[in-house]
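Novice: Predicted model and sequence follow; I will ask about them next.
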Amino acid sequence: MANPDKACKAERACAPAPRRTFWVGVACALVGAGLWGVSGACAQYLFSHYGITPMFATVVRSLVASLIFFGVLIFRRRYLLQLIWGSEPRVKAAFLAFGVALFVDQFAYSMTIAHTNAGTATVLQMLGTVFVMLFTCVLGRHLPKASEFAGLVCAFVATVLIATQGDLGTLVLPAAGLFWGLLNALSVALYVMIPRNCGLFDRFGSFAATGVGMLVTCVCSGVAYAVQLAGGAGAPEAVASMDAFGWLVLLGGLTVLGTFVSFGLYLRGVAAVGSVTGSLLGAIEPVSASVCAWVFLGTAFSGFDWAGLVLMLGMLALVTLGGKPKPPIPRRRR
């Protein structure tokens, strides 16, 4: 039988540590979020140079990452898997919803890159913070704060600038790219809120919950890719023509570094510095993706693209800092 005390001990190990581990947490969060940006550049390279499909990239990414997650869990934290397996049906349903949202996030992100580029896809993904704010206001039945409303305006202006390049009468960004980018942002909000609201991270730990969610993602992407192959749209000839460097980018850059290592480092960093600071440090992701696409892939970005990036960073700062809880007022002793 699983030992609940071990699970509680594991969760206490994830609690914020404000002293010596703070700067280590900052470094982990920055490197982890930066590797997410690198994964976007790797995906753009694979799509443009080898012609592989976003669904195939999602299959490989989720399969290898889930194998690594479960390898660690089986050898180091098997009791958490036993706890999850013996949990009630509503908890398993929450894991299913979490994994489906994670699958939509990875596939929609790849599709956005395929229709635009890594930098634009990552900037549009930051709209997920706006969706989190809106969902929170609806569930809590309250209006946004002034800082949150200002962040919403920044996000709207940034999206308009990127989509129209300053010409309000013309949609420069491909409609498909905008659609997948918005769907990606929505799925980000869902996979962030589902485990928090359902208590998956609190009960089982972020590492185990993410591993199970990645397994659901692997199953969803495998089924979807099988349907694509049955319809003749899986582009298996592109996969067969990949050379050693292509597989290195796919497995090393997109999968190991861009999925497993990035998730592991970022979650460790957030555990040390807290969710608010961790969200702000996560803003390095679009900067990393844009710089990598610019330097290594030669992707050109206009002034409106960079202006949209700056506005998105401003939105993230306004929304996260505006939602920072105030310290409790100490009561006077009588």
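Specialist: Nice, I can see it. Numbers count the residues shown, from 1 in each chain.
Novice: Could you use CA atoms for every contact and neighbour count after this?
Specialist: OK.
Novice: Report the buried residues of stretch 117-136.
Specialist: Neighbour-count burial for stretch 117-136 flags 117-134 (criterion: 16 or more other Cα atoms under 10 Å).
Novice: now do stretch 53-70
Specialist: 53-70.
Novice: By mean pLDDT, flag the weakest helix or strand of this protein.
Specialist: Least confident helix or strand of the chain, by mean pLDDT, DSSP states H and E, is helix 4-13 with a mean of 48.
Novice: Can you tell me how far Leu35 is from Gln44?
Specialist: Distance of Leu35 to Gln44, given as Cα to Cα, to the nearest Å: 14 Å.
Novice: Actually, Val192.
Specialist: 25 Å.
Novice: Then Cys292?
Specialist: The value you get for Cys292 to Gln44, if Cα to Cα is used, is 10 Å.
Novice: give the contact list for Met111.
Specialist: Going by Cα atoms under 8 Å, 6 or more residues apart in numbering, Met111 touches Pro54, Gly177, Trp180.
Novice: Now the first one. Nearest residue, chain neighbours left out?
Specialist: Sequence neighbours aside, Ser110 is the residue nearest to Pro54 in space, at 5.2 Å (criterion: Cα to Cα, 6 or more residues apart in numbering).
Novice: Now do the one you found: how many residues are near it, please.
Specialist: 28 (other Cα atoms under 10 Å).
Novice: Please identify the helix or strand for it.
Specialist: helix 89-115 (DSSP states H and E).
Novice: now Leu254, nearest residue through space, not along the chain?
Specialist: Ser39 (4.6 Å).
Novice: dump the residue contacts of the one you found.
Specialist: Each residue near Ser39 by Cα under 8 Å, 6+ apart is listed here: Gly253, Leu254, Thr255, Leu257, Gly258, Thr259, Ala289.
Novice: I figured Cys28 was touching Phe263, is that so?
Specialist: No: the pair Cys28 and Phe263 fails to qualify as a contact (Cα atoms under 8 Å) at a distance of 10.1 Å.
Novice: returning to what we had before: could you list the buried residues of the helix holding Ser110?
Specialist: Neighbour-count burial for helix 89-115 [16+ other Cα under 10 Å]: 91, 94-115.
Novice: got the contact list for the helix or strand just after it?
Specialist: Next helix or strand after helix 89-115 toward the C-terminus (DSSP H and E): helix 118-125. Identification of contacts with helix 118-125 by Cα under 8 Å, 6+ apart yields 37, 40-41, 43-44, 109, 112-113, 159, 162, 181-182, 184-185, 188, 285-287, 289-291, 293, 305, 308-309, 312.
Novice: re earlier: dump the contacts of Met111 into a markdown table; add distance to Val153 and secondary structure as well.
Specialist: Converted to a markdown table, the contacts of Met111 look like this (distance: Cα to Cα, whole Å; DSSP: H, G, I helix; E, B strand; the rest coil):
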| residue | distance to Val153 | secondary structure |
| --- | --- | --- |
| Pro54 | 31 | helix |
| Gly177 | 21 | helix |
| Trp180 | 21 | helix |
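Novice: Can you name the residues that contact the most centrally placed residue in the chain?
Specialist: Centroid check for the chain by Cα atoms, centre = their mean gives Val188 as the closest residue, at 6.0 Å. With contacts defined as Cα under 8 Å, 6+ apart, the neighbours of Val188 are Ala101, Leu102, Asp105, Gln125, Gly128.
Novice: Gly308 now?
Specialist: Gly308 makes contact with Val123, Val157, Ala158, Thr159, Leu161, Ile162, according to Cα under 8 Å, 6+ apart.
Novice: which of the residues in stretch 213-229 are buried?
Specialist: Applying 16+ other Cα under 10 Å to stretch 213-229 flags Gly213, Met214, Leu215, Val216, Thr217, Cys218, Val219, Cys220, Ser221, Gly222, Ala224, Tyr225 as buried.
Novice: Looking at these, which are in helices?
Specialist: Secondary structure assignment by DSSP state H places Gly213, Met214, Leu215, Val216, Thr217, Cys218, Val219, Cys220, Ser221, Gly222, Ala224, Tyr225 of the buried residues of stretch 213-229 in helices.
Novice: what would the residues you listed look like in TSV with distance to Gly199 and pLDDT?
Specialist: Output for these, formatted as TSV (distance: Cα to Cα, whole Å; pLDDT from 0 to 100):
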residue	distance to Gly199	pLDDT
Gly213	14	90
Met214	17	90
Leu215	19	93
Val216	18	94
Thr217	20	93
Cys218	22	93
Val219	23	94
Cys220	23	94
Ser221	25	93
Gly222	28	92
Ala224	29	91
Tyr225	31	89
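Novice: Among the residues you listed, which one sits closest to Asn197?
Specialist: Each of these was scored against Asn197 by Cα to Cα, and Gly213 proved nearest at 15.2 Å.
Novice: Hmm, the closest one is touching Leu96, no?
Specialist: Yes: if you go by Cα under 8 Å, Gly213 and Leu96 touch, sitting 7.2 Å apart.
Novice: list the contacts for the nearest residue to Leu63 once chain neighbours are set aside?
Specialist: Of all residues not flanking Leu63 in the chain, Cys218 sits nearest, at 5.3 Å (Cα to Cα, 6+ apart). When contacts are counted by Cα under 8 Å, 6+ apart, Cys218 touches Thr58, Val59, Ser62, Leu63, Ser66, Phe103.
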